[in-house]
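Enquirer: Quick one: sequence plus predicted model below, questions after.
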Amino acid sequence: MKINPLYIGLLLVMALVFVIYQLDKSKNQLRTSKVALQKVEAMAEEIDALKRTWDVPKSTSKAIERLIKSPQLKSANIQRTKKRGKIVLSSKKANLKATNYFFVKLFNGAYILEKFEVKRLDQESVSFNVEIKI
């Protein structure tokens, strides 16, 4: 029994077509994986930057000290106390302008607020209590 050389050629052509199809499929998977890897790397860089910003207790304490000592907050008479890993800022009576300045600086900064209480005393003054995690 003889095998026709045409059948062997057809088998080789079919094998070549199959290999090219599998190669194209693998290339598409590689491209998809590269895109996913780039997204993960970008997210990792962002998380690392956030960690460096939020995980610095000394700079948090210094920034809060600078904020409290600012001239706009002299009239607020803000008391600062430290408790186990927290800084507590409170004022019995502060005018609205000083309080607004304080809250804008506080909310625009990179602080972890654990407790935030504000009570309105009258039309022009409030009292507040803020706990910031160090």
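Expert: That came through, no problem.

Enquirer: hey, which helix or strand in the protein has the poorest pLDDT?
Expert: Sorted by mean pLDDT, DSSP states H and E, the helices and strands of the chain end with helix 57-68, the least confident at a mean of 82.

Enquirer: So which elements touch it?
Expert: For helix 57-68, the packing partners by 3 or more C-beta pairs under 8 Å, 6 or more residues apart in numbering; DSSP states H and E come out as strand 79-83, strand 86-95, helix 96-108. From N, CA and C alone the C-beta is placed, and that goes for glycine too.

Enquirer: change it to 10 Å
Expert: Contact partners of helix 57-68 among helices and strands, from 3 or more C-beta pairs under 10 Å, 6 or more residues apart in numbering; DSSP states H and E: strand 79-83, strand 86-95, helix 96-108, strand 125-133.

Enquirer: Starting from residue 37, give me the distance back to the most centrally placed residue in the chain.
Expert: Centroid-nearest residue in the chain, with C-alpha atoms, centre = their mean: residue 50, separated by 4.7 Å. For residue 50, the distance to residue 37 (C-beta to C-beta, to the nearest Å) stands at 20 Å.

Enquirer: Please state the offset of the longest helix along the chain from the chain centre?
Expert: Counting residues, the longest helix in the chain under DSSP state H turns out to be helix 5-54. Put simply, helix 5-54 sits 30 Å off its chain's centre (C-alpha atoms, centre = their mean, to the nearest Å).

Enquirer: can you check stretch 119-127 too?
Expert: 33 Å.

Enquirer: pLDDT wise, what is residue 55 at?
Expert: Listed pLDDT for residue 55 reads 67.
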